[in-house]
Every structure is written in C-alpha cells, then in structure tokens.
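Undergrad: missing the sequence, but the structure's below:
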C-alpha cells in the first residue's frame, strides 16, 4: 500500500537553496565528504573520479569551482590524516580453514 501525499506531512522532503558561504565552506564540505569515503577504504584515484563525474552534483560543483589541484590537495590532506586502509584476501589461510 502506498501512502498518499498529505500537504501537512512533517516527513515531506524539502530542498532549500543556500547562498554561497565562500571557498572555505566548499573546502570543508569537500573535506567531510572525502573523509567519509576514505574511512570506507576509497583511495585517491577513486575519490578524484567522483569529483570529475557530473552525476555527483555537489562534488562536481566543488571540482568546477575550486579546480582539480584544490581537490587533489584536500584529498591528500584527508588521506594523510586518516590513512587509507586496504583489505587483501589470504587465499592460503582460506584454504587451511
């Protein structure tokens, strides 16, 4: 069953445009998003690909406004802070189990 839309629904999604807060705000937004992906194990190349892709509107906006070098710098800073963990399968250990 699909719930019908009600005009006074408190869970209605509402989009709000905010005025630009400056370069510092864009860098901080990029830093937060990058940190989330870095903590999931994404590497620098994969992160940069997200920023280059117009499908990811917020990231691509940062990429266009701040430029690739700025995005690379922020990615490098976040990766240096958190590191990038990588998992590898140990096939010999799996075979012994």
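TA: Sure, I can see it. All values reported here derive from a predicted model rather than from experimental measurement.
Undergrad: Tell me who's in contact with residue 12.
TA: Contacts for residue 12 (C-beta atoms under 8 Å, 6 or more residues apart in numbering) come out as residue 5. Just so you know, the C-beta spots here come from the backbone N, C-alpha and C atoms, and that holds for glycine as well.
Undergrad: From residue 61, how far off is it?
TA: Distance, residue 12 to residue 61, using C-beta to C-beta, to the nearest Å: 25 Å.
Undergrad: ok, now residue 80?
TA: 25 Å.
Undergrad: Looking at these two, which is more packed in?
TA: residue 61 (15 against 9; other C-beta atoms under 10 Å).
Undergrad: so which strand or helix has that one?
TA: Assigned by DSSP states H and E, residue 61 falls within helix 57-66.
Undergrad: residues touching the spatially closest residue to residue 59 that is not a sequence neighbour, list them.
TA: Excluding its sequence neighbours, the residue lying closest to residue 59 (C-beta to C-beta, 6 or more residues apart in numbering) is residue 51, at 4.7 Å. By C-beta under 8 Å, 6+ apart, the residues touching residue 51 are 30, 59-60, 62-63, 68, 71.
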